[in-house]
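Engineer: My questions concern the predicted model and sequence given below.
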Amino acid sequence: MKKLANNFDLLKYWYVRTKAVEKAHFCCSVKFRRRHLYWGMVLIVLSTFLGIITNIKEDSQSTIQSTIKPYVDVIKPGLTVIVPVLSALVTFLKYDERVTKHHNAAAKFSSLKRSLQLELVNYNKTKINEDFLSRIKSLKDAWDQLTADCPAIYKKEWSDIEKMDKLADEQIPPPADDYAQHRSPKLYANGTVG
């Protein structure tokens with residue numbers, strides 16, 4: 001992280017970071033939703049298949065049943081182990097609960113991001129007072145509480161967040177002064193307006 005020069009840079013950094021964390025939580029939510037659906041469907045198919053092959057009669061004279069009987073004798077013991085183990089894993093990993101936690105975390109970071117957007121839009125470097133500083137402190141406290149309450153984000157999502165941090169300067173333009181809003185001035189390299 002680069003050194004932050006002023007309050008606007010801090011707000012900008014916080015905005016970009018909350019946007020990235022929000023995206024990471026939504027990505028985790030989608031990833032766990034897919035896993036939950038995938039493993040749930042696999043479990044349904046395997047347990048249904050196990051139910052069907054369990055009901056094949058031992059003494060049946062049907063050609064189809066006599067043809068598949070040797071395969072059933074090989075598959076059935078494996079499925080009787082795989083289905084309960086998979087069921088236990090799906091239950092233990094709690095993908096549905098993880099989906100909800102990450103989705104809720106993303107929604108809360110989205111709310112924080114919108115609050116930061118308001119601060120960025122209304123930022124006026126000439127009007128930094130106690131009210132502004134207390135709003136910034138309350139945003140910081142809200143962020144700290146959110147971070148403590150939210151589930152962990154994994155390594156891949158963190159690398160995406162770091163990429164977004166590097167693009168912070170490109171994503172948000174510098175604030176406009178009150179003076180600059182009333183006419184079209186030149187902006188010099190040293191930051192002065194003429």
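Structural biologist: On my side now, so go ahead. These numbers were taken from a predicted model, which means no experiment stands behind them.
Engineer: Please name every helix or strand in contact with the biggest helix by length in the chain.
Structural biologist: Ranked by residue count and defined by DSSP state H, the top helix of the chain is helix 7-54. Applying 3 or more C-beta pairs under 8 Å, 6 or more residues apart in numbering; DSSP states H and E, we find helix 7-54 packed against helix 63-93, helix 95-121, helix 130-149, helix 155-166, helix 168-171. Where you see a C-beta, it was placed from the backbone N, CA and C, and this is true even at glycine.
Engineer: Among those helices, show me which one is buried the most.
Structural biologist: For the helices and strands packed on helix 7-54, average neighbour numbers computed from mean count of other C-beta atoms under 10 Å are highest in helix 95-121, which has a mean of 17.
Engineer: What residues does the spatially most central residue of the chain make contact with?
Structural biologist: Note on the chain: the residue nearest the mean C-alpha position is His25, at 1.4 Å, using C-alpha atoms, centre = their mean. By C-beta atoms under 8 Å, 6 or more residues apart in numbering, His25 lies in contact with His102, His103, Ala105, Ala106, Phe109, Cys150, Pro151, Ile153.
Engineer: how far away is Gln145 from Val83?
Structural biologist: Noted for Gln145: a distance of 42 Å to Val83, by C-beta to C-beta, to the nearest Å.
Engineer: now Lys69
Structural biologist: From Lys69 to Val83 the distance is 20 Å (C-beta to C-beta).
Engineer: Please apply the same query to Leu93.
Structural biologist: 16 Å.
Engineer: Sketch out the low-pLDDT regions of this protein for me.
Structural biologist: 1-5, 57-66, 126, 160, 164-194 (pLDDT under 70).
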